[in-house]
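[1] Build me a model from this:
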Amino acid sequence: MTDNTSTKRTSLALRGAISAATATAVLLGGFGAFALWQHQETLTISDDSTIQTGSLTINGMEGDGNWFYIGNVDDSEATLDSAAGTPADDHVLSPGDVVEWRGLVNVTAKGSEMVAELRVTGNSGNDGIASELFDLINVQSFVPEGDGLIHGNDGTPQQIPVRVRFSFAYDDEFLGAETQGQDLLNGFDFDLTLEQVRSSSVNG
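    Residues are numbered from 1 along each chain as shown. So this is what the prediction gives:
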């Protein structure tokens with residue numbers, strides 16, 4: 001075999017390798033991945049979908065509520081909290097008495113997996129108490145423990161109990177004649193907040 005022949009064959013082999021490499025590069029789209037077929041399309045979700053956001057609403061009181069005599073200021077808070085109470089719409093208050101106004105608040109919590117909580121977030125304090133009794137009445141407004149948690153539904157109203165407790169203190173300094181024969185309230189306001197809570201904190 002002559003050197004000429006050997007050189008020709010080497011040259012042909014080199015050109016063949018270069019051609020193969022070029023073809024591979026073309027298939028690879030330069031130096032990237034193989035350029036397989038591709039198609040893109042934009043689709044639209046129908047605007048007649050029934051998926052909607054829910055809502056939280058406080059819808060006022062159910063009726064006027066009721067008054068109950070629940071015990072004495074010397075009773076423990078746990079005793080007062082658990083007291084069934086004696087109906088006392090016409091109760092005549094005297095020092096040491098603890099009475100509660102109990103009412104139902106109408107709320108709606110519309111949402112398939114919603115959990116919300118109703119809380120008393122403020123009241124008018126003693127501003128709603130007759131001025132002659134202002135320094136003698138302790139006021140607590142609250143939703144009984146365990147009753148404020150609300151699970152969402154289709155928007156069907158739910159009723160949540162709320163209490164406002166009035167404790168008439170024993171106090172010689174202020175128990176003058178002017179404290180007798182007085183109406184307890186001159187109008188009393190309290191604020192409620194209905195707020196969504198994380199379901200994970202409820203379900204553990």
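
[2] Every contact and neighbour count from this point should use C-alpha atoms.
    Noted.

[3] Contact partners for Asp191?
    120-123 (C-alpha atoms under 8 Å, 6 or more residues apart in numbering).

[4] Report the buried members of those.
    120, 123 (16 or more other C-alpha atoms under 10 Å).

[5] Dump the contacts of Asp191 to JSON lines, plus distance to Ile129, pLDDT and secondary structure.
    Below are these laid out as JSON lines (distance: C-alpha to C-alpha, whole Å; pLDDT from 0 to 100; DSSP: H, G, I helix; E, B strand; the rest coil):
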{"residue": "Val120", "distance to Ile129": "18", "pLDDT": "90", "secondary structure": "strand"}
{"residue": "Thr121", "distance to Ile129": "19", "pLDDT": "85", "secondary structure": "strand"}
{"residue": "Gly122", "distance to Ile129": "15", "pLDDT": "80", "secondary structure": "strand"}
{"residue": "Asn123", "distance to Ile129": "12", "pLDDT": "74", "secondary structure": "strand"}
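
[6] will you turn the contacts of Asp191 into CSV that also has distance to Ala169?
    Formatted as CSV, those follow (distance: C-alpha to C-alpha, whole Å):
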residue, distance to Ala169
Val120, 23
Thr121, 24
Gly122, 22
Asn123, 19
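
[7] So which of the contacts of Asp191 is the closest to Asp90?
    The closest of the contacts of Asp191 to Asp90 turns out to be Asn123 (C-alpha to C-alpha; 23.4 Å).

[8] Please name the bridge partners of that closest one.
    Phe190 (DSSP bridges).

[9] so how far is Gly187 from it?
    For Asn123, the distance to Gly187 equals 11 Å [C-alpha to C-alpha, to the nearest Å].

[10] cool, and Asn72?
    Separation of Asn72 from Gly187 (C-alpha to C-alpha) stands at 24 Å.

[11] Next: Arg198.
    Counting by C-alpha to C-alpha, the gap from Arg198 to Gly187 is 36 Å.

[12] Might you report the residue contacts of Asp74?
    Gly96.

[13] So for Asn72 and Gly187, which residue has more residues nearby?
    Asn72 (17 against 10; other C-alpha atoms under 10 Å).

[14] List the contacts of the more buried one.
    96-98, 167.

[15] circling back: tell me the one among the contacts of Asp191 nearest to Thr79.
    The nearest member of the contacts of Asp191 to Thr79, counting by C-alpha to C-alpha, is Val120 at 21.0 Å.

[16] Tell me how far the residue nearest to the closest one when sequence neighbours are not counted lies from Glu62.
    Of all residues not flanking Val120 in the chain, Leu192 sits nearest, at 4.5 Å (C-alpha to C-alpha, 6 or more residues apart in numbering). Using C-alpha to C-alpha, Leu192 is found at 15 Å from Glu62.

[17] which of those two has more neighbours?
    Leu192 (17 against 13).

[18] Output the helix or strand containing that one as PDB - backbone C-alpha positions only.
    Element membership of Leu192, judged by DSSP states H and E, is strand 190-196. The C-alpha coordinates for strand 190-196 follow below in PDB (Å, rounded to 0.1, in the frame of the first residue of the first chain):
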ATOM      1  CA  PHE A 190     -70.600  45.300  73.200                       C
ATOM      2  CA  ASP A 191     -68.500  44.500  70.100                       C
ATOM      3  CA  LEU A 192     -68.300  41.100  68.400                       C
ATOM      4  CA  THR A 193     -65.800  39.900  65.900                       C
ATOM      5  CA  LEU A 194     -66.300  36.900  63.700                       C
ATOM      6  CA  GLU A 195     -62.900  35.800  62.300                       C
ATOM      7  CA  GLN A 196     -61.600  32.900  60.300                       C
END
